[in-house]
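> here is my input, please return the structure:
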Amino acid sequence: MLARLVFFVSLTTILLAPIARAQPAQPAPTPPATAPAPASPHPADSPPATDPTPAPPETGQPTAPPPTTDQPPATLPQLPEHVDDKPAPKPAQVGFRRNFAGSIQLDYMYIPTEKTGRDVALDGATAEASLKVAMDFNSRMSASVKVCVSCHGFEVGMAFFDVRFADELNFRAGRFTPSFGEFPLRHDPANHRTSDKPLIYDMGRMVRFKEWNEGVLPAPWVDNGLEINGTHYFGEHVQSSYAVYAISGPRAAGQPTDFDFVLSHSPDAYYVDNNSRPVLGGQVVLSYVSGKYSTTIGASGMGGTYDPDHELPFHIYGAQFVLRLEDVFLRAEYLNRRQKMYMGDDPASTFKYGASPDGTYDPWVDKDGAYGELEFPITRRLTGVLREDGMRRRGNVLATSEMRSESEVVRHTVAVAIGLGQSLRLKLSFERYLFSDYPNEDVIHVGIAGPF
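Residues are numbered from 1 along each chain as shown. Down below sits the predicted model:
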């Protein structure tokens, strides 16, 4: 109840803030008749200049705008004495600033260790495309809308308003990716050098994704809600960022044993909450930036319930680290998800493993994982990537599952990204999967990606 009250009060503050600031337009005083004013250096019919907006550059750290100060309005120049009765020309009108950006990736996934790769993964050619429109109404308010198409189908990736009161206080309301971890900042395929994502953030591209039910927190995790975030600068080199939010959260059908990620992304129910209970979360990040060197550490967390009866809780925690030395990036992340399963009236017939010595069944499952990634330039157009990642699941499983009470998967990745001109890249990678419960697999990716 308290979380929902805070949500409604914060949302009301966002909606009323622009109205409170609005001032009625004052009629300009009529100047005495004068000689024609000198021509303005900017023609009145010229639209305001805007810069094209490519995909956000990869920085390996959360981006935040530097501190800004509002400039006083410019004063009109002194007019010469009366010459004739011609009215002074009207000042140029400054409109809204609109930005359009997008990205495309086509990736071909080949599994040489399988006769029919579709039996274990979504192999073959997969296209990912995203289109984004952003509008700045003024220095304090903006709106963004993004749609994307990928293996998860059509998705509204963002549709939100930002109302900024200060660097340290920004309100975001709508549909967005809540602040969690480092990789979601660069989840767009044009912003990372490999064809796929780390296992903990996988969304349908890993081998055996059905058996593992994807990653710990598939990226991008998009949800409806409210987020309050901000950044504070300590001098010229240190900055801290925070975010707190209330979102609808992951979903599942009745009597679940795990998240249903298809249901969580499906627009069939108008992206509404399935249990009338918000999920609460937050993130804190500390960064040090000095010229060509920077380092970032951070922690994230969220928790709530995921079943329609709001009786099955879950918690997700994460930690991140990024080190940049000129064009060399070292990244590492760890995620852990702990959730409660529905056991039913007869768990002995539903689950593979029996009761503990005291006759009870443990309903809790832990799913965690991590990755370490090194990205480095080889030549001006060639970038190399070495990545080690893995996941682990601990807990009871359904009687029909081939997995055990403790299962693991480890993946080795070697990749190169070749610049083809402008920002277009050719991506090549080889992956080796090592499963504890299934045969090992080899995967080859060939993809092309770029922003526009």
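> the helix or strand encompassing Val365 pairs with which strands, parallel or anti?
Secondary-structure element containing Val365, defined by DSSP states H and E: strand 364-377. Its sheet considered, strand 364-377 pairs with strand 328-340 (antiparallel), strand 382-394 (antiparallel) by DSSP bridges.
> which parts of it are buried?
If you call a residue buried by 16 or more other C-beta atoms under 10 Å, then strand 364-377 has these buried ones: 365, 367-371, 373, 375. Where C-beta positions appear, they are placed from N, C-alpha and C, glycine not excepted.
> quick check, Tyr233 in contact with Ser287.
No - Tyr233 sits out of contact with Ser287 when judged by C-beta atoms under 8 Å, with a separation of 10.0 Å.
> between the two, which one's more packed in?
Ser287 (22 against 14; other C-beta atoms under 10 Å).
> so the more buried one lies in a strand, does it not?
Yes - applying DSSP: H, G, I helix; E, B strand; the rest coil, one finds Ser287 inside a strand.
> quick check: chain neighbours aside, which residue is closest to it?
The shortest distance from Ser287 to any residue other than its chain neighbours is 4.5 Å, reached at Thr296 (C-beta to C-beta, 6 or more residues apart in numbering).
> likewise Leu131?
Nearest residue to Leu131, sequence neighbours excluded (C-beta to C-beta, 6+ apart): Gly102, at 4.4 Å.
> Asp202 now?
For Asp202, the nearest residue in space outside its immediate sequence neighbours is Gly215; the separation is 3.9 Å by C-beta to C-beta, 6+ apart.
> the one you found should be in a strand, yeah?
No - secondary structure of Gly215, determined by three-state DSSP: coil, with no strand assignment.
> Ala370 is in contact with that one, correct?
No - using C-beta under 8 Å, Gly215 is not in contact with Ala370, being 11.5 Å away.
> overlap of the contact sets of these two?
Counting by C-beta atoms under 8 Å, 6 or more residues apart in numbering, the residues touching both Gly215 and Ala370 are Ile200.
> my read is that Lys292 contacts Val328, right?
No - in this structure, Lys292 is not within contact of Val328 by C-beta under 8 Å, at 9.8 Å.
> ok, these two, which is more surrounded?
A side-by-side neighbour count of Lys292 and Val328, using other C-beta under 10 Å, places Val328 first with 13 against 10.
> what residues are up against that one?
Counted by C-beta under 8 Å, 6+ apart, Val328 has contacts 374-377.
> returning to that earlier point: the residue nearest to Ser287 and Ala332: what is the separation?
Note on Thr296: its distance to Ala332, by C-beta to C-beta, to the nearest Å, is 11 Å.
> where do the contact lists of those two overlap?
320-322.
> hmm, who's touching stretch 345-355?
Residues outside stretch 345-355 that contact it (C-beta under 8 Å, 6+ apart) are 343-344, 361, 396-399, 401, 405.
> one more pass at 6 Å, please.
Where contact means C-beta atoms under 6 Å, 6 or more residues apart in numbering, the residues beyond stretch 345-355 that reach it are 344, 361, 396-397, 399, 405.
> quick one: which helix or strand includes the residue nearest to Leu131?
Taking DSSP H and E as the definition, Gly102 sits inside strand 97-110.
> could I get the buried residue list for that strand?
For strand 97-110, by 16+ other C-beta under 10 Å, it's 97, 101-105, 107, 109.
> chain center to it: distance?
Mean C-alpha position of strand 97-110 versus that of the full chain (C-alpha atoms, centre = their mean, to the nearest Å) differs by 15 Å.
> repeat for stretch 338-346
Here the centre of mass of C-alpha atoms in stretch 338-346, compared against the chain's by C-alpha atoms, centre = their mean, lies 30 Å away.
> show the average pLDDT along that stretch.
The pLDDT scores in stretch 338-346 average 95.
> now that stretch - C-alpha only, CSV.
In CSV, the C-alpha atoms belonging to stretch 338-346 read as follows (Å, rounded to 0.1, in the frame of the first residue of the first chain):
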residue,chain,number,x,y,z
ARG,A,338,16.2,-16.3,-5.8
GLN,A,339,12.6,-17.2,-6.1
LYS,A,340,9.9,-19.4,-4.6
MET,A,341,8.1,-22.1,-6.6
TYR,A,342,4.5,-23.3,-6.3
MET,A,343,4.7,-26.8,-4.9
GLY,A,344,1.1,-27.9,-5.1
ASP,A,345,-0.7,-30.4,-2.9
ASP,A,346,1.3,-33.4,-4.2
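> which parts of it are buried?
So, applying 16+ other C-beta under 10 Å, buried residues of stretch 338-346: 338-343.
> what's the answer for stretch 203-217, then?
By neighbour count, with 16+ other C-beta under 10 Å as the criterion, the buried positions of stretch 203-217 are 203-209, 211-212, 214-217.
> what is the nearest of those residues to Ala252?
Distance ranking of those against Ala252, using C-beta to C-beta, places Glu214 first at 13.4 Å.
> distance check, that closest one against Gly204.
From Glu214 to Gly204 the distance is 6 Å (C-beta to C-beta).
> beta partners of Arg425?
Checking Arg425 by DSSP bridges, which sets the bridge assignment, gives partners Gly419, Ala449.
> please save the CA atoms from the helix or strand encompassing Leu434 in CSV.
Counting by DSSP H and E, the element that carries Leu434 is strand 424-435. Once non-C-alpha atoms are left out, strand 424-435 reads as follows in CSV (Å, rounded to 0.1, in the frame of the first residue of the first chain):
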residue,chain,number,x,y,z
LEU,A,424,28.8,-0.5,-39.9
ARG,A,425,30.5,-3.6,-38.5
LEU,A,426,30.9,-7.2,-39.5
LYS,A,427,30.8,-9.5,-36.4
LEU,A,428,32.4,-12.9,-36.3
SER,A,429,32.5,-15.1,-33.2
PHE,A,430,33.0,-18.7,-32.1
GLU,A,431,31.4,-20.1,-28.9
ARG,A,432,32.0,-23.3,-27.0
TYR,A,433,29.2,-24.4,-24.6
LEU,A,434,30.0,-26.8,-21.8
PHE,A,435,26.8,-28.3,-20.1
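> and for that strand, what's in contact with it?
Under C-beta under 6 Å, 6+ apart, the answer for strand 424-435 is 194-195, 207, 409-420, 440-450.
> just to revisit the earlier point, would you point out the most distant pair within the contacts of stretch 345-355?
Of all pairs drawn from these, the one with the longest distance (C-beta to C-beta) is Gly344 and Ser405, at 18.1 Å.
> kind regards, and thank you for your time.
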